[in-house]
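Enquirer: structural data only, the sequence is not supplied:
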Ligand code: FES
Ligand code: FES
């Protein structure tokens, strides 16, 4: 089979490589593309990300993070960009049941997967129990970390619906709050667990 590697190798080596997750493994299909080869990748693999709210498909920027596609193309601005390097958790979303930093995964890696964002939690007839629990427990101050904490909490409760306080503390260790709302956040998760 013809390979992008062979066809566009010269351009690509000047820019750098990323693995392209075809499910066949990075070598089985010549499955590597260049950062920046957006148009070619769309042509080859139909790289669309589907909105978690209404199923709208948007062409993903192969070279860009999922956070950019969510915020700039789908207008889902709940996930925040703070550190932009996978350390603070403000951009947390859930991709195929896995809690993920949207700033640190490529949009192309979310193609065909179920994406949950803070907006998803209130799009049904009833909000997810973690939403009122954050309000009831004053689990936010400036609010900049809050969407990420809410999504990390939702993902944590999906895996552990009957947690202890210590488990919550450890389970949310990937998110930082500069305002120090940690106790309220943990109490919110415990309250939500009672209402799942
Ligand atoms: S903005 Fe993504 S982890 Fe901080
Ligand atoms: S509420 Fe301000 S950073 Fe967490």
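Expert: Done, it's in. Being a predicted model, the structure only gives us computed values, none of them experimental. Ligands and ions are numbered 1, 2, ... in the order given.

Enquirer: distance of residue 90 relative to residue 149?
Expert: Between residue 90 and residue 149 the distance is 9 Å, computed by Cβ to Cβ, to the nearest Å. (Glycine included, C-beta is placed from N, CA and C.)

Enquirer: should've said residue 63
Expert: Note on residue 63: its distance to residue 149, by Cβ to Cβ, is 29 Å.

Enquirer: and the two? Which one has more around it.
Expert: residue 149 (28 against 19; other Cβ atoms under 10 Å).

Enquirer: was I right about the more buried one contacting residue 172?
Expert: Yes - using Cβ atoms under 8 Å, residue 149 makes contact with residue 172 at a distance of 6.8 Å.

Enquirer: show me whatever sits in contact with both of the two.
Expert: residue 185 (Cβ atoms under 8 Å, 6 or more residues apart in numbering).

Enquirer: flag every residue of this structure that's near ligand 2.
Expert: 140, 141, 142, 143, 144, 145, 146, 177, 178, 179, 181 (Cβ under 6 Å from any ligand atom).

Enquirer: the last one: what's it in contact with?
Expert: When contacts are counted by Cβ under 8 Å, 6+ apart, residue 181 touches 138, 139, 140, 141, 145, 149.

Enquirer: can you tell me which of these are in helices?
Expert: Counted as lying in helices by DSSP state H, out of the contacts of residue 181, are residue 149.

Enquirer: sorry, back to before: most surrounded residue in the residues of the chain next to ligand 2?
Expert: That'd be residue 145 among these, by other Cβ under 10 Å, with 25 neighbours.

Enquirer: tell me which residues touch that one, please.
Expert: Contacts of residue 145 (Cβ under 8 Å, 6+ apart): 80, 82, 88, 89, 90, 175, 176, 177, 178, 179, 181.

Enquirer: what about the fifth one, how many neighbours?
Expert: Other residues within reach of residue 90 by the criterion other Cβ under 10 Å amount to 26.

Enquirer: repeat for the second one
Expert: Per other Cβ under 10 Å, the neighbour tally for residue 82 reads 16.

Enquirer: same thing with the fourth one?
Expert: Residues contacting residue 89 under the criterion other Cβ under 10 Å number 24.

Enquirer: which residues sit in contact with it?
Expert: Going by Cβ under 8 Å, 6+ apart, the list of residues near residue 89 reads 101, 145, 148, 149, 152, 174, 175, 176.

Enquirer: list the residues that contact the last one.
Expert: With contact taken as Cβ under 8 Å, 6+ apart, residue 176 is in contact with 87, 88, 89, 90, 145.

Enquirer: mind redoing it with 10 Å?
Expert: 82, 83, 87, 88, 89, 90, 145, 148, 149, 182 (Cβ atoms under 10 Å, 6 or more residues apart in numbering).
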